[in-house]
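Student: Structure, please.
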Amino acid sequence: MEAPDWAQPEETDGIRLTWNLWPNSKLEATKCVVPFAALYSPNKRSPNMPVLPYEPVPCKQCGGILNPYASVDFYGKIWVCPICYTRCHFPPHYQGISEQSVPAELYPQYTTVEYTLNRTVPLHPPTYLFVVDTCVAEDELQACKSTITQVLQMIPEESHVGLVTFGTHVHVHELGFSECSKCFVFRGSKEYTSAQVVDQLGMRPVAPTRPGQPPAPPGRQFILPLADVNCETAINNVLQDLQRDPFPVPTTDRPARCTGTAMQVAEALMSASIPPGSCMARVMLFTGGPTTEGMGKIVNRDLTEEVRSHKDLAKDAAPHFRKAKKYYDALAAEMVSHGHICDIFCAALDNTGLFEMKEMIQLTGGQCVLTDSFTNPVFKDSLKRMFTSEDNEGFLGMSSHATLDVLPSRDIKISGTLGCCARSDKKSAAVADTEVGLGGTCQWKLAGLDADSTVAVMFEITGNGSALQDQSGQAPQLFIQFITRYMHWTGQLRCRVTTLTRFWTDGSNSADLINGFDQETAAALMARLATHKMETEDDFDPTRFLDRSLIRLCQRFAEYRKDDAQSFILHSNLQYFPQFMFNLRRSQFVQVFGVAPDETASHRLVLFKMPVLDALVS
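Tutor: You can find the predicted model right below:
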């Protein structure tokens, strides 16, 4: 029997499930081995998806949005939410609907639609803050400067830009000062709070002189429109004149590089310059070596001390790791709260500290590029692609300020997510007690997302095996709705609603269950789950976990006779899964022997963002 094409829903709705038939009891669900999950791409480009020029109609009980699976009483102007079965009245502007005049969101083929939302915050142009390392070799610095200069020609003129450079100390360049080059210097070895940075930069809003008058904007001008003649001239002059860090470096030492302090200063500068939620704001770090000075330090300057390895991390023999990780995690949380995106470009043969800084990228949905040199075409092409226009090939479709809400049917709870997002504090009755990944909530924040950004949402079945037929004699359906509110790359506020339905089935009937198994999605999910467990569980053996999962899955769904190896037959929906597991257990996501921690972090960041098919070939 030919395996069904489970990739079709991904083309229309940007979603794939590990199981497309769900058992009706918690006991039978645990026997399925592979978790019940959905891999969803909330910003996937779909040319056939309608964009509706009005606000969505929510359910008054659960907050679900009107969709094609809702039961509609055209006479009484009432619709029944398929998720919570609440009867809701249509708003006044829907009073003209009838069986012959149906709104687009009720069309059966439009299971994914987008709505345009009213803006509550004035729109601000996209903002980019470049944070450049000057402790690299002269040719490396020239290559980095040259690429950034080329990128500035690609950025739309209305965009705002800023520049921070760092080495032994941090330099914040004031682009609005046209008389000469001017910058503010922060000591690299000192720890600063965001409030201290803002005060020292003179960016506190001036108190109003009259009651009711809005505060005056800060006097300093560090982030300005690229179209401003002073800004364009200033940033080009600074880049042209930028030299290596002038402090001498003994041959027995590493350069004094204060990456952590620079990122703290950059984040404070960005948050003081840009109103929250008003635009896509990206802090872009360009670094060429390990942090050796100030907060976030991963190694001392003395070359006799080696940079931490996976072996050191496993034995808790990395003296700077915990403190640096805590520092960058706190900085990541600050970025998430402001909706800022962190992109990191590492160009070094040595470790740069990406393993410690990983949360800043993963929680904000930023980009990560790891190369050996700034002269490498991979670095240059990757940076330029981030600014490719919509009309050109390679456009990433980067959006920002997204929140993802998940609403499941009764008897389904949300365990958590595995992906480039951050948890919110929103609670509901659909939140499971057992957390997997980022759990304990039904809403997640995605500060940045591109067209391929994919989040794995894990579910827990809580049913007790109730009747498998509804009043019409049909197998009952389950429904899951994904609601993504975000700022489109055009600046519009939009709400994308994807509603899917599947059927419950008798969990004891393994033949039915395996017909709904998607082995490609399952392999991508198991890769995320195994790497997540490696990072969060002590003494976790990923090879044993994957092997035992495969054995249990085959015991449950394969056909065989005991003690007869020749009788072993796999269902067509399962025939490639053993090969996927075989390659996964030997992949760079799982194996860390002979691999630097920064390389591992880079591979896993890419894995946690990729859609299903890309994950299979990576």
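Student: Just to check, residue 361 is in contact with residue 355?
Tutor: No - with contact defined as C-beta atoms under 8 Å, residue 361 does not reach residue 355; the gap is 11.2 Å. Every C-beta, even on glycine, is put in place using the N, C-alpha and C of the backbone.
Student: Just to check, residue 128 is in contact with residue 282?
Tutor: Yes - the criterion here is C-beta under 8 Å, and residue 128 meets it with residue 282 at 5.3 Å.
Student: Residue 87: how many residues sit nearby?
Tutor: 14 (other C-beta atoms under 10 Å).
Student: Was I right to think it contacts residue 80?
Tutor: Yes - applying C-beta under 8 Å, one finds residue 87 in contact with residue 80, separated by 5.5 Å.
Student: element containing residue 533?
Tutor: Using DSSP states H and E, residue 533 sits within helix 519-536.
Student: Tell me which residues are up against that helix.
Tutor: Around helix 519-536, the neighbours that count as contacts under C-beta atoms under 8 Å, 6 or more residues apart in numbering are 3, 6-7, 16-18, 34-35, 37, 39, 418-419, 436-437, 456, 540, 542, 545-546, 549, 573-577, 580-581, 584, 587, 589-590, 604, 607-608, 610, 612-613, 615-616.
Student: of those residues, buried ones?
Tutor: 3, 6, 16-18, 34-35, 37, 39, 418-419, 436-437, 456, 542, 545-546, 549, 573-574, 577, 580-581, 584, 589-590, 604, 607-608, 610, 612, 615-616 (16 or more other C-beta atoms under 10 Å).
Student: Identify the residues contacting the residue nearest the centre of the chain.
Tutor: By C-alpha atoms, centre = their mean, the chain has its centre lying nearest to residue 420, at 2.4 Å. Applying C-beta under 8 Å, 6+ apart to residue 420 gives the contacts 361-366, 446, 449, 453, 455, 605, 608-609.
Student: Filter the residues you listed down to just the ones in strands.
Tutor: 446, 449, 455 (DSSP state E).
Student: quick one: which of the residues you listed has the most company?
Tutor: Ranked by the number of neighbours (other C-beta under 10 Å), the ones in strands among the contacts of residue 420 place residue 449 first, at 30 neighbours.
Student: shouldn't that residue be in contact with residue 487?
Tutor: No - using C-beta under 8 Å, residue 449 is not in contact with residue 487, being 10.1 Å away.
Student: got any residues that touch both of those two?
Tutor: 399, 400, 402.
Student: quick one, what contacts the second one?
Tutor: When you say that, I think you mean residue 400. Shown in contact with residue 400 (C-beta under 8 Å, 6+ apart): 279, 280, 281, 339, 341, 447, 448, 449, 486, 487.
Student: So what's the predicted local confidence for it?
Tutor: With respect to pLDDT, residue 400 scores 94.
Student: Show me what it is bridged to.
Tutor: Under DSSP bridges, the beta-bridge partners of residue 400 are residue 448, residue 487.
Student: what's the neighbour count on the nearest residue to residue 365 once chain neighbours are set aside?
Tutor: Distances taken as C-beta to C-beta, 6 or more residues apart in numbering place residue 448 nearest to residue 365, at 3.7 Å, with adjacent residues excluded. Residue 448: 27 surrounding residues under other C-beta under 10 Å.
Student: which strand in the protein runs the most residues?
Tutor: strand 493-505.
Student: helices and strands around the next helix or strand after that strand, which ones?
Tutor: Under the assignment DSSP H and E, the closest C-terminal helix or strand after strand 493-505 is helix 510-515. Judged by 3 or more C-beta pairs under 8 Å, 6 or more residues apart in numbering; DSSP states H and E, the packing partners of helix 510-515 are strand 21-23, helix 542-557.
Student: okay if I get the ones you listed as CSV plus mean pLDDT?
Tutor: What follows is those, written out as CSV (pLDDT from 0 to 100):
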stretch, mean pLDDT
strand 21-23, 94
helix 542-557, 93
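Student: right, so of these, which gets closest to residue 500?
Tutor: Comparison of the helices and strands packed on helix 510-515 against residue 500 by C-beta to C-beta identifies strand 21-23 as nearest, at 11.6 Å.
Student: tell me which residues in the closest one are buried?
Tutor: Buried positions in strand 21-23, judged by neighbour count with 16+ other C-beta under 10 Å: 21, 22, 23.
Student: any idea which of the ones in strands among the contacts of residue 420 is the one closest to residue 145?
Tutor: Nearest to residue 145 among these, counting by C-beta to C-beta, is residue 449 at 29.5 Å.
Student: For that closest one, give me the pLDDT.
Tutor: Model confidence at residue 449 (pLDDT) stands at 94.
Student: Repeat that for the one 3 residues further on.
Tutor: Here the pLDDT value assigned to residue 452 is 92.
Student: measure the residue nearest to it when sequence neighbours are not counted to residue 408 for me?
Tutor: Using C-beta to C-beta, 6+ apart and skipping residues adjacent in sequence, the residue nearest residue 452 is residue 611, 5.6 Å away. Counting by C-beta to C-beta, to the nearest Å, the separation of residue 611 from residue 408 is 22 Å.
Student: can you give me the strands for the stretch 151-300 of the chain?
Tutor: Using DSSP state E, counting those that start in this stretch, the strands of the stretch 151-300 of the chain run over 160-166, 169-173, 183-187, 224-225, 281-287.
Student: go on, the stretch 301-450 of the chain?
Tutor: Taking DSSP E, counting those that start in this stretch as the test, the strands found in the stretch 301-450 of the chain are 340-347, 368-371, 399-408, 412-418, 422-423, 443-449.
Student: Including distance to residue 531, could those go into TSV?
Tutor: TSV is the format used below for the strands of the stretch 301-450 of the chain (distance: least, C-beta to C-beta, whole Å):
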stretch	distance to residue 531
strand 340-347	19
strand 368-371	15
strand 399-408	21
strand 412-418	9
strand 422-423	18
strand 443-449	19
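Student: what's the closest of those strands to residue 53?
Tutor: Nearest of those to residue 53, taken as C-beta to C-beta: strand 399-408 at 18.5 Å.
Student: Give me the angle between that closest one and strand 412-418.
Tutor: 150 degrees (axes from the mean of the first three to the mean of the last three C-alpha atoms, to 10 degrees).
Student: Could you tell me how far strand 399-408 lies from the centre of the chain?
Tutor: Relative to its parent chain, strand 399-408 has a centroid offset of 11 Å by C-alpha atoms, centre = their mean, to the nearest Å.
Student: average model confidence for the longest strand of the chain?
Tutor: pLDDT averaged over strand 493-505 gives 95.
Student: Flag the shaky bits of this protein, pLDDT-wise.
Tutor: 1-6, 178, 205-220, 466-475 (pLDDT under 70).
Student: In contact with the closest residue to residue 93 other than its chain neighbours, which residues?
Tutor: Once flanking residues are discounted, residue 93 sits nearest to residue 54: 7.8 Å by C-beta to C-beta, 6+ apart. Contacts for residue 54 (C-beta under 8 Å, 6+ apart) come out as 93, 115, 116.
Student: Quick check: neighbours of the helix or strand harbouring the second one in the sheet, parallel or antiparallel?
Tutor: Translated: residue 115. Here residue 115, judged by DSSP H and E, is contained in strand 112-117. Using DSSP bridges, the strands paired with strand 112-117 in its sheet are strand 51-52 (parallel), strand 493-505 (antiparallel).
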